[in-house]
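**Q** Here's a sequence, model it:
(3 chains)
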Amino acid sequence: MARVTLDNISHSYHANPSRDADYVLKNINLSWIDGGAYALLGPSGCGKSTLLNIVSGLLIPTKGQVRFDENDVTRFPPEQRNIAQVFQFPVIYDTLTVFDNLAFPLRNLGLPENSILKRVTEIATMLELESDLSRRSASLAADKKQKISMGRGLVREDVNIIMFDEPLTVIDPELKWKLRSKLKELHQEIKVTMVYVTHDQTEALTFADQVVVMQDGEVIQVGKPEDLFERPLHTFVGHFIGSPGMNILPCDVKDNIALFFGYKLQLEGPILKSTGHCEIGIRPEFIRFGTEGIPAIVQRASDIGQHTLVQTVVNNITVNVIIKGPPPDPGAEVQLCFDPAKTRLYIDRRIATERLQ
Amino acid sequence: MSLELKNVTKVVGVETHIYQTTIKFKPSGFNVLLGATNAGKSTLIKLLAGFEKPTSGQVIFDGNDVTGINPQKRNISLVHQFFINYPHMTVYDNIASPLRVARIAQSEIHKRVHETAELLQLEKFLERRPPELSGGQQQRTALARAIVKQSKVILLDEPLANLDYKLREELREQLPNILEQRGTVVIYATTEPTEALLLGGSTALLHEGRVVQFGPTSKIYHAPNNLIASRVFSDPPINFALVSKCGDYIQLDDLVWPITGSLNSLKDDRYIVAIRPHHITPNRMAEFCVSLKGKVQITELSGSESIAHFTLGDRSWVSQAPGIHQYSVGEEYEFFFDPEQCFYFHESGSHVIEEVADG
Amino acid sequence: MKTQNQRAWIFVLPVLLLVAFNALIPLMTVINYSVQETFGNNQFFWAGLRWFEDILRSERFHAALGRQVLFTITILLIEIPLGVIIALSMPRQGIGVSLCLVLMALPLLIPWNVVGAMWNIFTLPQIGLLGWVMNSLLGISYNMTVSPVAAWITIIVMDVWHWTSLVVLLAYAGLISIPEAYYQAARIDGASNWAVFRYIQLPKMKKVLTIAILLRFMDSFNIYTEPFVLTGGGPGNSTTLLSIDLVKVALGQFDLGPAAAMSLIYFVITLAVSWLFYTLMAKDEQ
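**A** From the prediction side, this is the model:
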């Protein structure tokens, strides 16, 4: 168990990186406290898996330091770091039984059989694998195989950190829910640091206490799920989190007033700066249909069960709105009312309004 | 164009992959096949495409029995979960390939490839080769190849499954616009209930080789006609419990609530109640609500929604509510549900009110 | 469905004809010969199962079969582990890969009789490189035309040299198909190199190794050209393997009947062992 610190990590797959573009990770500084649940969230190619491999020791970063507590482990191989990792596709030892699979890391440590038996049974019970212990693991379904992969990470009591690299990719939605909740439950029981890498915002937000949003090798925002959703500091975070993401709308700022196609918009608070490329960010959840708002035309409405997603158009710009109740007909004219407390101005993609307390 | 399966079954060895199925797909809009892995979605697609021959029954295109006809002769297009393109050809040649096979004039090919590329936002990449493209662009190329043929039926087998969440969202939003007005029958297999809802159209719910319900997507979501259908079409998984009806009341352990409307005529018996997670909320959503006092075990926040897994007695429930609710694990909270929003099923799984299956 | 099926038959027909000319018709002839006796002049007499009985009882056949089994088992015991070891030590990426693959493929490209002739010259006591080094430089008496042990060692070394690369290439194909995540997981689980081999590499190579063992079994059981060119079955009968013996009977003595019966017995053994081996491996798979 340890606190994990990533100090100014940069990484390039080129032997002699010269340009900024050669780097897949750029000056990453992160600190993970012991026992926390973290997520690295970003699109393919953002560098999240590279970062994970640097923590696990499968890669040595070009620059920077990885510390477990005060120890510099940057150049330690994985087997010396006491870590566990669960991969995208279940990695199991086909010829072994479920029990032997779970016991594998413990046997490698040379633990006595009776303590292995005790620990494996304990973990198998938590994962609801007790009845499969004597079965050949090759014959199991994908979700059980992935449980075994997870189990092999959880079974060691000395691990500093467990990392999950998109572990639910091959799992059906219903089982995804169950495994995710199971993981959360396990985290509550075994207080070990867990880092979860994914491109799926739902998985990241539901699992983690702190989410690290990455893009193009950089950390864009670190925050609690509710903060990332409520008040993204960058338009990328607004777009990437939420389904559909935040509406990012063109706007002009004149005399400290934001204008969207000439309509004055009330913002969450005063504007901090006024030069640069201005955009308005408002989530579909915080727009409603009213009588005194911005006129728009309904293009498409889909009933998605618990709410209705309406695509409207204002001067060729699509604005998504989420409403309760029956969907309006396509072509209908509506007026959009933005919740002022949730309407924010972004200049050069970064937030430029201050929140009034 | 009409497309139907008549009394089709598929048995491989001792395993039945498809039980007797008769279904007439909607000629316009999406026909979504929704079900878990191995529910039979891919088998149905293969039967429609002609890669597999049904053990019994007929596949009918436009009134003609095509059961034994080769895929090449069926005038269909197929898009797979994996991005299947010719890696050594440019995007242009990839899109043009089905037209070249059909020996269409060069000028016509040029016109149609560019039209399709424009529709799928691929104009910029026409001279590149698939390995140089992102996953989303590769899958768009595969889609373009399927569309450019102007075939009568387009089969999509989990086309977005291997894409990033956000790319999936983007392409899913575009797909209906791209496919809907082409006069083709669109069959779309997915494991995700949300995807079915977003695509709209009609949905066939599949479970272990059977079509358990087929009808307009939002209609069957709001009115599942059996227990299995309610489970298949629910994300997160639906809550259900065994209850008994006694006179004018429904009883679930210590909870009692009055029955509503059309249920009055039911005889006193045991039933299964199913409640969607978003109908169990920490605040009252209707005037009369049943209260559940539960101990929260796990909490999850998905941005705009808060999810709580709580236990009451030895039952587990899941609540999914809009907004941010801070629950402390281990504490007791009060949740509410509106009995009007519940589904009731016989113990056999069928709906208490027999509905005529639509479609 | 009907039209489709018929057309499929037309496509299969050329292959069928080829197989008929190549295998079925010769096989029928062999079966025909095996139950007949001939004294030349195209005169044939019915012999029934006599040849089979004679051969199965003859010491000469037992000895040849014994030598054949010893040879096949020895080369399998050497080539399979050696092939796996070489495959494991080959690079997985970089320019070394193509270099190794080409080197490995070289022995496989050499015609069989050339292999025999090469080794024949190579081992000549006075002028062959190996023969000279052994006899004149190291002072070890090595002459395979005189010593049966030397002859055996030579044909085994030759076969290993010629065919181990096939096992290497197959095993290598199996190895590179293992996703990187397996190795990473094993490192993280603290697995030793032996554990990685035992629980990841070997299980993942099992299918290709089954094919390698089958191919090497069948090929070595049929081996003729190389030992014939190299030793001609000698000294004495010490390296007379089954097929060499068969040719001696058929062409040397022109006993077509017994030779046909021998080749059928021989064919049945190969078929039975291959089938048994394959079923056992396939059964283990489930």
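
**Q** which bits of the stretch 151-300 of chain A sit near chain C?
**A** residue A:152 (Cβ under 8 Å from any Cβ of the partner chain). Any C-beta I mention is one placed from the backbone N, CA and C, and that applies to glycine too.

**Q** Please list the residues of the stretch 151-300 of chain A that sit near chain B.
**A** Taking Cβ under 8 Å from any Cβ as the measure of proximity, the stretch 151-300 of chain A contacts chain B at A:172-174, A:177-178, A:180-181, A:184-185, A:188, A:199-202, A:205-207, A:225-226, A:228-230, A:239-245, A:283, A:285, A:300.

**Q** Extract the CA atoms of stretch C:66-78 and return them as CSV.
**A** This file holds the C-alpha atoms of stretch C:66-78, laid out as CSV (Å, rounded to 0.1, in the frame of the first residue of the first chain):
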residue,chain,number,x,y,z
GLY,C,66,12.0,-51.8,-34.9
ARG,C,67,14.7,-49.6,-36.5
GLN,C,68,12.0,-47.4,-38.0
VAL,C,69,10.3,-46.9,-34.6
LEU,C,70,13.6,-46.2,-32.9
PHE,C,71,14.5,-43.7,-35.6
THR,C,72,11.1,-41.9,-35.5
ILE,C,73,11.0,-41.7,-31.7
THR,C,74,14.6,-40.4,-31.6
ILE,C,75,14.2,-37.7,-34.1
LEU,C,76,10.8,-36.6,-32.5
LEU,C,77,12.4,-36.5,-29.1
ILE,C,78,15.2,-34.3,-30.4
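
**Q** isn't residue A:207 right next to residue A:196, touching?
**A** Yes: applying Cβ atoms under 8 Å, one finds residue A:207 in contact with residue A:196, separated by 5.0 Å.

**Q** Next step: the residues of the stretch 151-300 of chain A next to chain B restricted to strands.
**A** Mapping these onto strands (DSSP state E) picks out residue A:300.

**Q** among the residues of the stretch 151-300 of chain A next to chain B, which ones are buried?
**A** For these, a burial check counting by 16 or more other Cβ atoms under 10 Å in any protein chain shown picks out A:172-174, A:177, A:180-181, A:184, A:199-202, A:205-207, A:225-226, A:228-230, A:239-245, A:283, A:285, A:300.

**Q** what's the pLDDT at residue C:286?
**A** Looking at residue C:286, its pLDDT is 51.

**Q** Quick one: residues contacting residue B:184.
**A** B:1, B:150-154 (Cβ atoms under 8 Å, 6 or more residues apart in numbering or on different chains).

**Q** For residue B:112, see how far away it is.
**A** Using Cβ to Cβ, to the nearest Å, we find residue B:184 at a distance of 15 Å from residue B:112.

**Q** Give me the number of neighbouring residues for the residue nearest to residue A:130 when sequence neighbours are not counted.
**A** What sits nearest to residue A:130 in space, not counting adjacent residues and going by Cβ to Cβ, 6 or more residues apart in numbering or on different chains, is residue A:124, at 5.1 Å. When counting by other Cβ atoms under 10 Å in any protein chain shown, one arrives at 21 neighbours for residue A:124.

**Q** before we move on, what about residue A:170?
**A** Look at residue A:170: counted by other Cβ under 10 Å, it has 16 neighbours.

**Q** SS state for it?
**A** Three-state call for residue A:170 (DSSP: H, G, I helix; E, B strand; the rest coil): coil.

**Q** That one contacts residue A:90, correct?
**A** Yes: between residue A:170 and residue A:90 there is a contact at 7.3 Å, judged by Cβ under 8 Å.

**Q** Now do the shared contacts for those two.
**A** A:142, A:146.

**Q** What parts of the stretch 101-250 of chain C come near chain A?
**A** Counting by Cβ under 8 Å from any Cβ, the stretch 101-250 of chain C sits next to chain A at C:179, C:181-182, C:184-185, C:187-192, C:195, C:199-200, C:203-204.

**Q** Just grab the bridge partners of residue 25 for me.
**A** Answering for chain A, as no chain was given. residue A:11 (DSSP bridges).

**Q** my bad, the chain I had in mind was chain B
**A** Residue B:25 forms beta bridges with residue B:3, as assigned by DSSP bridges.

**Q** buried set for stretch C:117-124?
**A** C:118-120, C:122-124.

**Q** ditto for stretch A:33-40
**A** A:36-40.

**Q** Please apply the same query to stretch B:87-95.
**A** Quick answer for stretch B:87-95 (16+ other Cβ under 10 Å): B:90-95.

**Q** who's in contact with it?
**A** Here stretch B:87-95 makes contact (Cβ under 8 Å, 6+ apart) with B:85-86, B:97, B:113, B:116-117, B:122, B:125-131, B:133, B:141, B:144-145, B:148.

**Q** Give me the buried subset of these.
**A** Buried residues within those, counting neighbours by 16+ other Cβ under 10 Å: B:85, B:97, B:113, B:116-117, B:122, B:125-126, B:129-130, B:133, B:141, B:144-145, B:148.

**Q** per-residue confidence at the residue in the stretch 201-350 of chain A positioned nearest to chain C?
**A** Residue nearest to chain C within the stretch 201-350 of chain A: residue A:203 (18.9 Å; Cβ to the nearest Cβ). The per-residue pLDDT reported for residue A:203 equals 91.
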